[in-house]
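# Could you look at this predicted model? Sequence included:
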Amino acid sequence: MDIDWNETVTISAPIERVYAYLADFPRHAEWAQSVQQLQLVRAGDARGVGAVYRTAERQAWQADRRPFEPLAGGVPGDTMCQVLELKPERRIAWRSWAAVPGVRHEGAFAFELEATPGGTQLTQSARLRDNWLGDLVSRYMFKTTAAKAHAQWAASLRNIKLILESSTVQGQPEFAERGAYHGR
């Protein structure tokens, strides 16, 4: 199954803050619908490009997880993630894959950032690709549909907006002081 998606939101927060938060990959567990934890497996270069993470997930194509909530449902499993690009205040890109022999289940993801007068325009794109075995697993084990994938990715993007705007608008402490999932 091949699925493509992209969506844009405007976040009332400075581009520097949006970029710094999204480039901190273990923090993805705070907003992503299926991610419990990212654990660094291999460090990247000085900027972080090339870093590889093991991603603990609980996948049910859910679209109702609020920021920072624990994941209770879904099928547990690990995927891998590699940082491909970190262009400060412009672009973040990574790929993910199932670490299961014979199963090609790969994702390509990116954030494009643009400064706006009131904050940051953030566009996320996602591309999911499977081989025949990955397609069978996706369709029958996970009940994957394009609509479910789009809803999950859109919900994650809304969580990013909620997190970044609540900290900016309400004057809450920096994110690191709030406690991230990877540090617990």
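Yep, that arrived. Numbering: from 1, shown residues only.

# buried set for the longest helix belonging to the chain?
For the chain, the helix with the greatest residue count under DSSP state H is helix 146-169. For helix 146-169, the neighbour count (16 or more other Cβ atoms under 10 Å) marks 148-161, 163-165, 167-168 as buried. To be clear about C-beta, it is placed using only N, CA and C from the backbone, and glycine gets the same treatment.

# Does R47 touch L86 like I think?
Yes - assessed by Cβ atoms under 8 Å, R47 is found in contact with L86 at 5.1 Å.

# quick one: which of these two has more around it?
L86 (21 against 13; other Cβ atoms under 10 Å).

# any idea which element that one lies in?
L86 belongs to strand 75-87 when assigned by DSSP states H and E.

# Buried ones in the helix or strand following that strand, by neighbour count?
Per DSSP H and E, the first helix or strand lying C-terminal to strand 75-87 is strand 91-98. Within strand 91-98, the residues scored as buried using 16+ other Cβ under 10 Å are 92-94, 96-98.

# Phi, psi for the residue in the chain sticking out farthest from the centre please.
For the chain, the residue at maximal distance from the C-alpha centroid (Cα atoms, centre = their mean) is P117, at 25.6 Å. Per-residue torsions, P117: phi -60, psi -30 (degrees, to the nearest 10).

# now for the longest helix of the chain, which elements pack on it?
strand 3-11, helix 15-23, strand 119-130, helix 175-178 (3 or more Cβ pairs under 8 Å, 6 or more residues apart in numbering; DSSP states H and E).

# what do you get if the cut-off is 6 Å, keeping everything else the same?
Where contact means 3 or more Cβ pairs under 6 Å, 6 or more residues apart in numbering; DSSP states H and E, helix 146-169 is packed against strand 3-11.

# outside of the strand it packs on, which residues touch it?
18, 119-123, 125-128, 146, 149-150, 153-154, 157, 161, 164 (Cβ atoms under 6 Å, 6 or more residues apart in numbering).

# Same check on stretch 60-70?
With contact meaning Cβ under 6 Å, 6+ apart, stretch 60-70 is reached by 30-31, 33, 73-74, 148, 151-152, 155, 159, 162-163.

# Show me which residues of it are buried.
Here stretch 60-70 shows 60-63, 65, 67 as buried, counting by 16+ other Cβ under 10 Å.

# May I have the distance across it, first residue to last?
14 Å (Cα to Cα, to the nearest Å).

# before we move on, what about stretch 137-154?
23 Å.

# Centre of the chain to it, how far?
Between the mean C-alpha location of stretch 137-154 and the chain-wide mean there is a distance of 15 Å, by Cα atoms, centre = their mean, to the nearest Å.
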